[in-house]
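Participant: Quick check, what structure comes out for this input:
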Amino acid sequence: MRRIYLLLITLFFLSSCNDEFLKKDHPTATTDENFWNTEGEINTALNTIYDQVPTGQFQFKKNTRITFEGMTDNAVWYANFFGEVNTIALGNANSQMRGNDWYAVQPVWEENYIAIRRANRFLEHAGKALIEPNLKKRYFAEARALRAWLHLDLFLYYGEVPIVTKVILPTETDLKKNSRQEVIDFVVAELDAASADLPATYPINDVKRITKGACYTMKTVALLNNRQYAQAAAAAKQVIDLNIYKLHPNYTALFNYEGQVNEERIFIKQGGNYDTFYRSAPGYLGGNACLNPTASLVNTYETKQGKTLTELGTDSAEIYKQSPNYKSNRDPRMDATIAYPGSTYYGNLDPWDDSPNNPNRLAAIYSSKTGYWLRKYVDLADKGKGGSLDYMIHRYGDLLLMYVEALVESGKWNDPDVLKYINQIRNRAKMPNADVSVYNSEAKIRELYQRERRVELAFEGSRLFDIRRWKIGEKVMNGIVEGAINPKTKKAVNVETRTFSQKDYLWPIPARETEGNPNMTQNPGY
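Facilitator: Numbers count the residues shown, from 1 in each chain. Sure thing, here's the model as predicted:
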């Protein structure tokens with residue numbers, strides 16, 4: 001019988017000579033008795049918990065949320081690594097996914113629980129540190145908030161998971177899942193407790209740390225994804241009422257170095273997009289073009305007059321499908337997010353020229369499989385180097401849209417705040433106010449906020465959770481995935497065929513957990 005992760009982790013940490021967060025100036029002083037004394041040691045331990053905060057693009061054995069957009073209708077993922085993304089997108093997820101090419105289902109589980117163990121060790125031992133009491137209180141609040149967030153992250157991927165609030169011994173590894181409600185109640189209570197001891201802001205050199213507003217935002221995420229809408233709206237209002245966060249005036253700049261320091265970011269991973277240019281840009285610029293936008297996403301953007309392609313009628317819609325930014329008349333967020341045939345951002349992108357001398361030809365090595373390329377978070381300043389762009393895990397635009405959703409789904413679709421904040425987000429992108437003659441019912445407002453979330457937050461890591469929360473997987477993740485329309489054939493590129501069933505609303509519990517723990521039940525359908 002395989003030993004489950006908790007036993008492996010326990011044995012790893014008990015052999016503390018090589019424990020990575022117990023490294024000190026004195027190479028042999030690595031036991032708990034000799035550690036946990038100074039502010040430097042406490043900071044080192046706390047930083048190892050922050051290490052598990054999600055990154056943007058691909059990193060080995062990390063929670064890489066932009067890459068995970070390849071599991072949604074926003075994108076396809078094609079690379080000679082991280083094949084699990086495409087396997088899940090195709091509807092072929094299974095509990096046995098493990099090995100060199102599997103970087104999601106098993107590693108996210110393992111790495112999050114390793115980080116939870118680190119948080120528990122911190123909370124059990126850091127109290128003896130001789131540091132200023134208020135600072136110590138803040139450090140403890142950060143550790144509690146991070147532990148809560150790690151549980152929430154597991155919940156979003158796997159559903160019911162074990163709540164772990166102490167260091168687990170080898171004799172205590174047969175843990176059971178807690179119910180959805182127990183997990184959410186735990187997360188919310190921990191975030192409420194932590195927020196009381198956390199500041200609203202930090203100096204710029206501590207920008208990665210969890211704030212009071214980050215706790216409220218995480219609480220909003222937890223409640224919204226458990227469909228506790230009234231409570232979610234109240235939590236989101238706590239963030240708004242802090243009067244700290246603002247929408248950055250330039251949507252495009254928000255995702256490059258020009259606007260990296262801004263008042264919109266709530267919780268970030270510093271340098272979390274260091275590999276984004278390499279993984280997303282076309283091959284002729286030194287990129288891999290691994291993550292390619294779909295026609296489904298491109299066709300979701302409205303015209304600058306606020307009309308959807310469906311509202312335009314068949315003939316006009318066809319023009320925009322063939323030429324996405326026809327006469328520069330699309331929602332500017334499309335141009336900030338996606339490079340399309342004829343786009344000037346990466347130079348001359350012509351996927352339809354089949355010449356071997358054209359590195360951008362459709363499906364060539366390091367070229368797009370859909371005829372579209374990712375632009376968001378891909379700053380040309382990073383050409384030829386890794387880059388150091390921060391990744392925004394939570395930002396104010398997302399929070400406002402969560403607030404809108406919570407209001408609508410709690411029966412307050414006509415609350416003035418709904419259109420107020422939708423229009424603020426649209427106006428920031430130079431889009432007109434929503435047409436109240438069209439969006440004048442609960443169903444139409446729901447359609448509006450769901451479309452706004454998709455185009456506003458594309459390639460930021462939220463789409464997977466939105467699909468699951470809205471239960472639209474059967475609709476948007478089944479059938480042929482289309483790319484751009486080839487002007488020679490007048491037909492869209494058919495990239496792949498996906499299937500989606502009820503089981504796909506959750507990831508499977510990794511098989512090694514259920515094989516080694518008789519109390520660990522598998523998610524339905526796996």
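
Participant: what ranges do the helices span in the stretch 101-250 of the chain?
Facilitator: 105-125, 133-158, 180-195, 212-225, 229-241 (DSSP state H, counting those that start in this stretch).

Participant: Out of those, which one sits most buried?
Facilitator: Each of these was scored by mean neighbour count; the highest is helix 212-225, a mean of 25, by mean count of other CB atoms under 10 Å. The C-beta positions use only the backbone N, C-alpha and C, and glycine is treated the same way.

Participant: hmm, who's touching it?
Facilitator: 145, 148-149, 152, 155-156, 184, 187-188, 191-192, 194-195, 198-200, 229, 231-232, 235-236, 238-239, 242, 244-245, 266-267, 394, 399, 402-403, 405-406, 465, 468-469 (CB atoms under 8 Å, 6 or more residues apart in numbering).

Participant: I'd like the helices of the stretch 101-250 of the chain laid out as CSV, including mean pLDDT and distance to F459.
Facilitator: Below are these laid out as CSV (pLDDT from 0 to 100; distance: least, CB to CB, whole Å):
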stretch, mean pLDDT, distance to F459
helix 105-125, 95, 19
helix 133-158, 98, 18
helix 180-195, 98, 26
helix 212-225, 98, 18
helix 229-241, 98, 23
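
Participant: could you give the mean pLDDT of the helix or strand where A443 lies?
Facilitator: A443 is part of helix 442-457, with elements assigned from DSSP states H and E. Taken as a whole, helix 442-457 has a mean pLDDT of 98.

Participant: Now do that helix: distance to the chain's middle.
Facilitator: Remark: helix 442-457 is offset 18 Å from the chain centroid, using CA atoms, centre = their mean, to the nearest Å.

Participant: same deal with stretch 411-425?
Facilitator: Distance, centroid of stretch 411-425 to centroid of chain: 24 Å (CA atoms, centre = their mean).

Participant: same question, stretch 405-415
Facilitator: For stretch 405-415, the distance to the chain centre is 24 Å (CA atoms, centre = their mean).

Participant: and for it, what are the contacting residues?
Facilitator: Stretch 405-415 has contacts (CB under 8 Å, 6+ apart) with 220, 223-224, 227, 229-230, 232-233, 236, 417-418, 441-442, 445-446, 449, 453.

Participant: Tell me which residues of that stretch come out buried.
Facilitator: Across stretch 405-415, burial judged by 16 or more other CB atoms under 10 Å covers E405, A406, L407, V408, E409, S410, K412, W413, D415.

Participant: how about these in a markdown table, adding distance to K369, secondary structure and pLDDT?
Facilitator: As requested, the buried residues of stretch 405-415 are arranged in a markdown table below (distance: CB to CB, whole Å; DSSP: H, G, I helix; E, B strand; the rest coil; pLDDT from 0 to 100):
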| residue | distance to K369 | secondary structure | pLDDT |
| --- | --- | --- | --- |
| E405 | 32 | helix | 99 |
| A406 | 37 | helix | 99 |
| L407 | 39 | helix | 99 |
| V408 | 36 | helix | 98 |
| E409 | 36 | helix | 98 |
| S410 | 41 | coil | 98 |
| K412 | 42 | coil | 98 |
| W413 | 39 | coil | 98 |
| D415 | 43 | coil | 98 |
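
Participant: Throw these into TSV and include distance to V167, thanks.
Facilitator: Shown next, in TSV, are the buried residues of stretch 405-415 (distance: CB to CB, whole Å):
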residue	distance to V167
E405	38
A406	36
L407	41
V408	43
E409	39
S410	39
K412	44
W413	47
D415	46
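
Participant: quick one: low-confidence parts of this protein?
Facilitator: Low-confidence segments of the chain (pLDDT under 70): 1-30, 58-62, 98-102.

Participant: Find the centremost residue of it, please.
Facilitator: The residue lying closest to the centre of the chain (CA atoms, centre = their mean) is G461, at 2.8 Å.

Participant: can you give me the strands for the chain?
Facilitator: Ranges of strands within the chain are 75-77, 265-269, 291-293, 338-339, 373-374, 391-395, 479-486, 491-498, based on DSSP state E.

Participant: Which neighbouring elements make contact with the second one?
Facilitator: When contacts are defined as 3 or more CB pairs under 8 Å, 6 or more residues apart in numbering; DSSP states H and E, strand 265-269 sits against helix 212-225, strand 391-395, helix 396-409.

Participant: out of the ones you listed, which comes closest to Y103?
Facilitator: Among the helices and strands packed on strand 265-269, the nearest to Y103 by CB to CB is strand 391-395 (16.7 Å).

Participant: Identify the residues contacting that closest one?
Facilitator: Contacts for strand 391-395 (CB under 8 Å, 6+ apart): 53-56, 65-66, 214, 217-218, 221, 254, 264-269, 272-273, 377, 460-461.

Participant: so how far is N94 from I210?
Facilitator: According to CB to CB, to the nearest Å, I210 stands 35 Å off from N94.

Participant: can you check N414 too?
Facilitator: For N414, the distance to N94 - CB to CB - is 45 Å.

Participant: Determine which of the strands of the chain approaches L123 most closely.
Facilitator: Across the strands of the chain, closest to L123 is strand 265-269 (CB to CB), at 20.3 Å.

Participant: That closest one to strand 391-395, inter-axis angle?
Facilitator: If you take axes from the mean of the first three to the mean of the last three CA atoms, to 10 degrees, strand 265-269 sits at 150 degrees to strand 391-395.

Participant: Can I get strand 265-269 in CSV, CA atoms only?
Facilitator: Written as CSV, here are the backbone C-alpha positions of strand 265-269 (Å, rounded to 0.1, in the frame of the first residue of the first chain):
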residue,chain,number,x,y,z
ARG,A,265,-4.0,44.9,-7.1
ILE,A,266,-5.3,43.2,-3.9
PHE,A,267,-3.1,40.0,-3.7
ILE,A,268,-0.2,39.3,-6.0
LYS,A,269,2.6,36.9,-6.6
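
Participant: If you count neighbours, what's buried in that strand?
Facilitator: So strand 265-269, judged by 16+ other CB under 10 Å, has buried residues R265, I266, F267, I268, K269.

Participant: Specify which member of the residues you listed is nearest to E111.
Facilitator: Nearest member of those to E111, counting by CB to CB, is K269, at 13.8 Å.

Participant: so that closest one sits right up against T55, yeah?
Facilitator: Yes: at 5.6 Å, K269 and T55 qualify as touching, with contact defined as CB atoms under 8 Å.

Participant: okay, now the residue nearest to the residue nearest to the centre of the chain when sequence neighbours are not counted: neighbour count?
Facilitator: Nearest in space to G461, with sequence neighbours left out and distances taken as CB to CB, 6 or more residues apart in numbering, is R65 at 2.8 Å. R65 has 23 neighbours, counted by other CB atoms under 10 Å.
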